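A.B. asks: no sequence for this one, just the structure:
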């Protein structure tokens, strides 16, 4: 059994910028607990099996450093909910600058 | 909360009576590749906002990153220049965070397996000694977009109403170079920090992999500082001062943080682990946000980029092509050219060293090459308000002018006119000589005729010369030079005048 607590869920929710109610904290902590339990079966794999993040047997796939056409700005900005002065407009950013 | 105590800073000397400073320096360098790290958009500074963007760097659904081979090559070369080991197999990871400067909501970086690691840089200090800075790692990642905060009083995020994003920089190839903890520098810690960033900048410039312009953000330094009480082993709590934008600021930021930490600790407080902003005006730092813990970035392997396995042949080819270290090159050039420390420093400060070296490589003697660049050409650059490298004349062209003087085709005065012609876009030096009719009149019979004419025009002076008053010859020489529009060799004219009056 893993032990995902309400605090863990609240922390995850904050990182994901999700508003989660008290009732949901209980519900999600149980659900995430079950998910983590399932995934943790990966730990049963013997240590001599290397971790694998890639299933395609390719390495060194490199692109030549030559420019390709970019999007037209008006086309790119047209996809955005809001734009201003040639830039993407986003709501006020909470918290600090990176 | 004691953590917010901002006591008056102590001097570095006072700090080091009680504490040993520990530093870690993280330097971000934008590569000067033609394109971005994972897409073919142009990597260009100063373009109109959002004109170098595409589905990949905007993180649009279905787009896939494709790795820039030149960026990988630059990363390996940087590692080799820093005496690092190159990892046999490295890969990328996603660093997850929510901030609109990365439209994907993650930054592609390297996490557990950076491409190069475990190196060092021997850094020259002001007193001529070197300080070895150990390199932990250097890894590849992508730069973020630029935010413009609207509605706040100072353009900063506080009080802003909304923000505007320019993603031209999003995806620009970045190399982050991280030192191991720098311990034992004591009162020299601020100097070591500056000297390291200076040496690193020079190495990177020598490699030609980046513009390394701290003022334009193509090289940025984050300085981690902590203090440990003398006689203890455990490091103190560190702060990370972000985006310190000049070499001098690196030194000042470290000095200020050392003093501030000491102030907090000596008042019985604790240092808060946080990022700090450096203020160039006041030379002080102010608190940013508390640093998120590493786990909060939820790094996980980037599934869309296959791993890198640089072949030994590739690595050795790149190693063989590394340039001399800049300070070793400077020392060699100083010895070869017989320069004083001051002459060398003037060349370096004037950005002239490479130009002179290239002029020498093109065949000019070092003294003549140096003289042109530091005097006449420096004056022209100054007058035009440009730097020496921006001047519209190349080292081979200067070498050609030097050669024309050496072979007697040009006098120094004519040579300056040829240089003026080149700067004015009249072509190669030989074309300017032909176009402006500047070659020295070396036709002896023509010169002799001119001398005779001058003597005939001023019979009184001619008489004095014949009577042995050779000083009077100057007037005739002047007349001949005037008649030949300065294109005669004055020394030869003098000889001819005396010969004809014998």
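C.D. replies: Here it is on my side, so go on. Everything numeric in this text was worked out from a predicted model, so none of it was measured. Numbering: from 1, shown residues only, chains lettered A, B, ... in the order given.

A.B. asks: for chain A, longest helix please?
C.D. replies: Longest helix of chain A, by residue count under DSSP state H: helix A:22-39.

A.B. asks: Only the buried residues of that helix, if you could.
C.D. replies: A:25, A:28, A:29, A:32, A:33 (16 or more other C-beta atoms under 10 Å in any protein chain shown). No exception for glycine: its C-beta is placed from N, CA and C like everyone else's.

A.B. asks: for chain A, what are the low-confidence residue spans?
C.D. replies: A:1-2, A:94-98 (pLDDT under 70).

A.B. asks: Which elements pack onto the longest helix of chain A?
C.D. replies: For helix A:22-39, the packing partners by 3 or more C-beta pairs under 8 Å, 6 or more residues apart in numbering or on different chains; DSSP states H and E come out as helix A:6-15.

A.B. asks: The helix it packs on close to chain B?
C.D. replies: Yes - using C-beta under 8 Å from any C-beta of the partner chain, helix A:6-15 comes into contact with chain B via residue A:15.

A.B. asks: For that helix, which outside residues touch it?
C.D. replies: Contacts with helix A:6-15, where a contact means C-beta atoms under 8 Å, 6 or more residues apart in numbering or on different chains, come from A:19, A:20, A:25, A:26, A:28, A:29, A:32, B:96, B:98, B:296, B:298.

A.B. asks: again, only using 7 Å
C.D. replies: For helix A:6-15, contacts defined as C-beta atoms under 7 Å, 6 or more residues apart in numbering or on different chains pick out A:20, A:25, A:26, A:28, A:29, A:32, B:296.

A.B. asks: For those residues, give me TSV that also has distance to residue B:497.
C.D. replies: Formatted as TSV, the contacts of helix A:6-15 follow (distance: C-beta to C-beta, whole Å):
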residue	distance to residue B:497
A:20	102
A:25	106
A:26	111
A:28	105
A:29	107
A:32	104
B:296	89
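
A.B. asks: Please identify which two of those are farthest apart in space.
C.D. replies: A:26 and B:296 (23.1 Å; C-beta to C-beta).

A.B. asks: relative to helix A:6-15, how tilted is the longest helix of chain A?
C.D. replies: Counting by axes from the mean of the first three to the mean of the last three C-alpha atoms, to 10 degrees, helix A:22-39 lies at 100 degrees to helix A:6-15.

A.B. asks: Direction included, what does the very next helix or strand once past helix A:22-39 pair up with?
C.D. replies: Later in the chain than helix A:22-39, the nearest helix or strand by DSSP states H and E is strand A:62-63. Strands that pair with strand A:62-63, judged by DSSP bridges, come out as strand B:67-68 (parallel).

A.B. asks: Look up phi and psi at the most centrally placed residue in chain A.
C.D. replies: Among the residues of chain A, residue A:16 comes closest to the average C-alpha position under C-alpha atoms, centre = their mean, at 8.1 Å. Per-residue torsions, residue A:16: phi -90, psi 0 (degrees, to the nearest 10).

A.B. asks: and if you look at the one 3 residues further on?
C.D. replies: Torsion angles at residue A:19 (phi, psi; degrees, to the nearest 10) stand at phi -90, psi 120.

A.B. asks: For the stretch 401-502 of chain B, give me the ranges with low pLDDT.
C.D. replies: For the stretch 401-502 of chain B, the ranges with pLDDT under 70 are B:441-442.

A.B. asks: Adjacent strands (with direction) for the worst-scoring helix or strand of chain B on mean pLDDT?
C.D. replies: Lowest mean confidence among the helices and strands of chain B (mean pLDDT, DSSP states H and E): strand B:284-290, at a mean of 79. Strand B:284-290 has the following sheet partners, assigned by DSSP bridges: strand B:274-279 (antiparallel).
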